[in-house]
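>>> sequence-free structure coming up:
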C-alpha cells in the first residue's frame, strides 16, 4: 500500500465516522433482496456510489436492506432526509440513479416522476 492509497483510506474512514456522528443530510437505502438484485439493484447501487463520489456530494450515507415489499417495482431506493421526510424511487436503472444523485442528493430537488411514495416522519 502506497502513501496515496493510505490517504484515500483515511479520508474514507473520516467520512464514514462523520456519517455516524449525525452529520449526514441524506440516508439512501437500496433494496437488495432477491427480486431487487434480479431487477438490477446491484447496478443501481454501484451507480449511486460512483456518482456521489464523482460529484463530491457530501452528507450522504448509502445502506442496503432486504425486500421492502415492493417487488413488482424493483429496483427500489428510499431517500431519507435528516428532517424525517422519505421519498421512495422505483423502476430504477443506472441513468435514473444518476438523476437522483444530481437532482435530489446534490441539489435538494426530488425527482417526482420517479417517486412512488413520499412519507413524512411518524406516518
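Received the coordinates, thanks. All values reported here derive from a predicted model rather than from experimental measurement.
>>> Low-confidence stretches in the protein?
For the chain, applying pLDDT under 70 flags the ranges 15-23, 117-123.
>>> Assign the residue nearest the centre of the chain to helix, strand or coil.
With distances taken as CA atoms, centre = their mean, residue 28 lies nearest the centre of the chain, 3.1 Å away. The assignment at residue 28 comes out as strand when based on DSSP: H, G, I helix; E, B strand; the rest coil.
>>> Name the nearest residue to it, ignoring sequence neighbours.
residue 62 (4.7 Å; CB to CB, 6 or more residues apart in numbering). Any C-beta I mention is one placed from the backbone N, CA and C, and that applies to glycine too.
>>> Return the residues in contact with the one you found.
For residue 62, the contact set (CB atoms under 8 Å, 6 or more residues apart in numbering) comprises 27, 28, 30, 45, 48, 49, 52.
>>> ok, those residues vs residue 81, which is closest?
Nearest to residue 81 among the contacts of residue 62 is residue 27, at 8.3 Å by CB to CB.
>>> I'd like the distance between the closest one and residue 107.
Between residue 27 and residue 107 the computed distance is 18 Å (CB to CB, to the nearest Å).
>>> more crowded one of the two?
The neighbour count for residue 27 versus residue 107, taken as other CB atoms under 10 Å, is higher for residue 27 (17 against 10).
>>> if I pick that one, what's in contact with it?
60, 61, 62, 63, 79, 80.
>>> hmm, try it at 10 Å
19, 59, 60, 61, 62, 63, 78, 79, 80, 81, 82, 86 (CB atoms under 10 Å, 6 or more residues apart in numbering).
>>> The last one and residue 11, how far apart?
Translated: residue 86. 29 Å.
>>> Tell me where this structure has strands.
26-31, 60-65, 77-81, 86-89, 115-119 (DSSP state E).
>>> now the second one against strand 26-31, angle please.
In this case it means strand 60-65. Interaxial angle, strand 60-65 versus strand 26-31 (axes from the mean of the first three to the mean of the last three CA atoms, to 10 degrees): 20 degrees.
>>> List the buried residues in strand 60-65.
Within strand 60-65, the residues that count as buried by 16 or more other CB atoms under 10 Å are 60, 61, 62.
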